[in-house]
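[1] Provide a 3D model corresponding to the input given below.
(2 chains)
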Protein chains: 2
Amino acid sequence: MKGERTMRILISGATGGLGRALARALKGHQLLLSGRRMGELQALAEEVAGKALPANLTDELEAKALCEEAGELDLLFHAVGSAARAPVREVEREAVERLLGDHFLSALFLLKHARFRPGARAVFFGAYPRYVQVSGFAAYAAAKGALEWYLEAARKEFRKEGVHLVLVRLPAVATGLWAPLGGPPRGALPPEEAVRLVLEGVLGERPPEILEVQP
Amino acid sequence: MKGERTMRILISGATGGLGRALARALKGHQLLLSGRRMGELQALAEEVAGKALPANLTDELEAKALCEEAGELDLLFHAVGSAARAPVREVEREAVERLLGDHFLSALFLLKHARFRPGARAVFFGAYPRYVQVSGFAAYAAAKGALEWYLEAARKEFRKEGVHLVLVRLPAVATGLWAPLGGPPRGALPPEEAVRLVLEGVLGERPPEILEVQP
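    The predicted structure follows:
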């Protein structure tokens, strides 16, 4: 897939650490960049000669409008996410719903409305169970669990459309995701390095169903 | 644990097929029965000499009130659930939120507010990934995935309280859960048999973290 031709690529969460690094690494393709922060999105779009398509993907109407504007895709990267600490005895419904919305519902809406070219690949970011199923992160883990189990079922439906779903598991990546938690853990992967490994796996001749980037 | 003394047991989803069979199998203990269908709940409570505590557990205030009324528990069975078919290209947000609410949020609210005696066991029903990660069931799978990943993280927090979380995976059980899908699949386990196997595993001296009832 790589280097053969110009691809039409949608990156959601483009102003996040991972999305931004993806956009930079894929410069030269037709890039459609989605995110919530308009100013940053516009600046990034100029930098990589892409198109800024601001949207809040936890709103189905916005997700649908984005997919219509984006048209038929060769590649989709869902780099939307957020993090929060929430012990089970104190967790607030709003925090749970925010995590579910950011990680899971946004992906669900994209998968519902996106239009793909035959052979397209849609890439989502799950998590290593052992890293997220830990004290204080039950709600975050649940959002990733919902996403992962959804994708494994959705994969079977998309096979009929000739679309490959790729579930990527990354170790901790040094992005702004960690800001509410006091910064990334020691040893977190630089986003550029994470993206290099992701693209290596995703753009190969036969993309894997699950791509585990080893920590 | 079994047969030693009278236990204080809360069964949520008590009017469902699994909940009802649990209530009947545990007759003789102090049974607190929760469900949404008041008439059926009252009849069941009379049958097993339990107490009917109607509640909609997707509403946190109701879940909290239930937990206060229930007091300190030796055992909790979360037998709440629902099923719906929803292809990823057609899925409705309302259906997704209903499944998440029934399987996951109701469990999350119980775990937030329930009061346990030392050594208590709280039992939840997950799913075999291979049975639910199938075409048409992505949203159902996501709800079970959210529950399973939440529990695996929550387990670590509850250990400090001396409470054991047990995640049970059952094959298909012949209950009303399947009504919206045209009835249970061939070979579904009778609920009484499922409950016998669950209690055998859960009430043992050292309860397992995950109890897989083999299909």
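
[2] what comes up buried for the biggest strand by length in chain A?
    Across chain A, the strand with the greatest residue count (assigned by DSSP state E) is strand A:115-125. Under the neighbour-count criterion of 16 or more other Cβ atoms under 10 Å in any protein chain shown, strand A:115-125 has A:116, A:120, A:121, A:122, A:123, A:124, A:125 buried. Backbone N, C-alpha and C define where each C-beta goes, glycine included.

[3] The lengthiest helix in chain A near chain B anywhere?
    For chain A, the longest helix by residue count, based on DSSP state H, is helix A:138-159. Yes - against chain B, helix A:138-159 shows contacts by Cβ under 8 Å from any Cβ of the partner chain at A:138-139, A:141-154, A:156-158.

[4] still on that earlier bit, check which strands are paired with the longest strand of chain A and give the direction for each one.
    Strand A:115-125 has these partner strands in its sheet, going by DSSP bridges: strand A:72-78 (parallel), strand A:164-169 (parallel).

[5] show me where chain A has helices.
    Using DSSP H, helices in chain A cover A:17-25, A:38-48, A:60-70, A:93-99, A:106-113, A:129-132, A:138-159, A:191-202.

[6] what's the most buried one of those?
    helix A:138-159 (a mean of 26; mean count of other Cβ atoms under 10 Å in any protein chain shown).

[7] Give the rounded mean pLDDT of it.
    Throughout helix A:138-159, pLDDT has a mean value of 98.

[8] Now find how far off-centre it is within its chain.
    Relative to the mean C-alpha coordinate of its chain, helix A:138-159 is positioned 13 Å out (Cα atoms, centre = their mean, to the nearest Å).

[9] could you dump it to PDB, C-alpha only?
    Listed next in PDB are the C-alpha coordinates belonging to helix A:138-159 (Å, rounded to 0.1, in the frame of the first residue of the first chain):
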ATOM      1  CA  ALA A 138     -11.500   1.100  35.600                       C
ATOM      2  CA  ALA A 139     -13.500   3.600  33.600                       C
ATOM      3  CA  TYR A 140     -10.700   4.200  31.100                       C
ATOM      4  CA  ALA A 141     -10.300   0.400  30.800                       C
ATOM      5  CA  ALA A 142     -14.100   0.000  30.200                       C
ATOM      6  CA  ALA A 143     -14.000   2.500  27.400                       C
ATOM      7  CA  LYS A 144     -11.100   0.700  25.700                       C
ATOM      8  CA  GLY A 145     -12.800  -2.700  26.400                       C
ATOM      9  CA  ALA A 146     -16.000  -1.400  24.700                       C
ATOM     10  CA  LEU A 147     -14.000  -0.200  21.700                       C
ATOM     11  CA  GLU A 148     -12.000  -3.400  21.400                       C
ATOM     12  CA  TRP A 149     -14.900  -5.800  21.700                       C
ATOM     13  CA  TYR A 150     -17.000  -3.600  19.300                       C
ATOM     14  CA  LEU A 151     -14.200  -3.700  16.700                       C
ATOM     15  CA  GLU A 152     -13.800  -7.400  16.800                       C
ATOM     16  CA  ALA A 153     -17.500  -7.900  16.000                       C
ATOM     17  CA  ALA A 154     -17.500  -5.000  13.500                       C
ATOM     18  CA  ARG A 155     -14.500  -6.500  11.700                       C
ATOM     19  CA  LYS A 156     -16.700  -9.400  10.500                       C
ATOM     20  CA  GLU A 157     -19.300  -7.000   9.100                       C
ATOM     21  CA  PHE A 158     -16.700  -4.900   7.300                       C
ATOM     22  CA  ARG A 159     -15.100  -7.800   5.700                       C
END
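
[10] so what secondary structure elements neighbour it?
    On a contact count with 3 or more Cβ pairs under 8 Å, 6 or more residues apart in numbering or on different chains; DSSP states H and E, helix A:138-159 meets helix A:93-99, helix A:106-113, strand A:115-125, helix A:129-132, strand A:164-169, helix B:129-132, helix B:138-159.
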